[in-house]
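Asker: I'd like to go over a predicted model; first the sequence, then the structure.
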Amino acid sequence: MHRPPSLPHPFADLEGKVALVTGAFGGLGRHFARTLASAGCRVALAGRRVAEGEALLAELREQGTAGCVVALDVRNPDSVQAAFDAARRDLGPVGIVINSAGVASTAPALEVTEDAWQTVIDTNLNGAWRVAQCAARMMRDAGTGGSIVNIASILGLRVAQQVPAYTAAKAGLIHLTRSLALEWARHGIRVNALAPGYFETDINRSFFETESGQALVRRIPQRRLGQASQLDGALLLLASSASDYMTGAVPPVDGGHTVSTL
């Protein structure tokens, strides 16, 4: 019986690559770090809560994955540079960056304080810019190219109430992604964004059990929340050379939310 030749694993080239994940100590960032480690990456876990990062690193090492923990505050340019320097010292040149550090603040627009607005914008947009620029400079100077994946949101494509700073930051991040993709393609640096819809996390689980939360779920065409594992395929695609002719793309992973009727 004739059997077709086996195809190479589409993400096989991730084996041994160095990936830096911001916001890696909780939420989706932690899941992204685990996903990349499972694909064979050596992962630099970057964030502010270093003790939590050490616990995650111990977990990954038990699974045979090399990695390190680096302190990072994306609001501080010096901290960003120091984090990349530490990752390069411990693991080697960073070839993949997952820009997932982020915060949210919920309040009616008329009640949003200056501090709340600035915190969200400086973390979700300015912080992602600082990380991307630092990464790209190092990739350019090394002549290696690389992949930067910004974690955006469907709220950067359409809006919801009472999160004005978050929606503005994610919309800005999506356009920033396209701008950087255009400018850095000549250096072999790809910049894409992933736009998750509504995903169940420890933080929002209780809300989605309420009537208001269930009403929101009913507006999703697939009538269900996403699970973190359902982001894995898109994340690995954008991080790996399987997408080496993609840059400036913003694929939504949202159960059809962005194509639903208003």
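Answerer: Alright, I've got the coordinates.

Asker: so Asn99 touches Arg130, yeah?
Answerer: No. The pair Asn99 and Arg130 does not pass the contact test of C-beta atoms under 8 Å, sitting 9.7 Å apart. (Glycine included, C-beta is placed from N, CA and C.)

Asker: from the contact counts, what lies against the helix or strand of the chain with the lowest mean pLDDT?
Answerer: Between all helices and strands in the chain, the lowest mean by mean pLDDT, DSSP states H and E belongs to helix 205-208, at a mean of 83. When contacts are defined as 3 or more C-beta pairs under 8 Å, 6 or more residues apart in numbering; DSSP states H and E, helix 205-208 sits against helix 211-218.

Asker: shaky segments in the stretch 1-150 of the chain?
Answerer: Applying pLDDT under 70 to the stretch 1-150 of the chain flags residues 1-8.

Asker: 50 instead?
Answerer: Under the criterion pLDDT under 50, the flagged ranges of the stretch 1-150 of the chain are 1.

Asker: in it, which spans are helices?
Answerer: 27-38, 50-62, 77-91, 114-121, 127-142 (DSSP state H, counting those that start in this stretch).

Asker: name the helices or strands packed onto the third one?
Answerer: Secondary structure elements in contact with helix 77-91, counted by 3+ C-beta pairs under 8 Å, 6+ apart, are strand 18-22, strand 42-47, strand 67-71, helix 127-142.

Asker: hang on, the earlier thing: what does the least confident helix or strand of the chain contact?
Answerer: Tyr198, Glu200, Gly213, Gln214, Leu216, Val217, Leu225 (C-beta atoms under 8 Å, 6 or more residues apart in numbering).

Asker: make it 10 Å
Answerer: Tyr198, Glu200, Thr201, Gly213, Gln214, Leu216, Val217, Leu225 (C-beta atoms under 10 Å, 6 or more residues apart in numbering).
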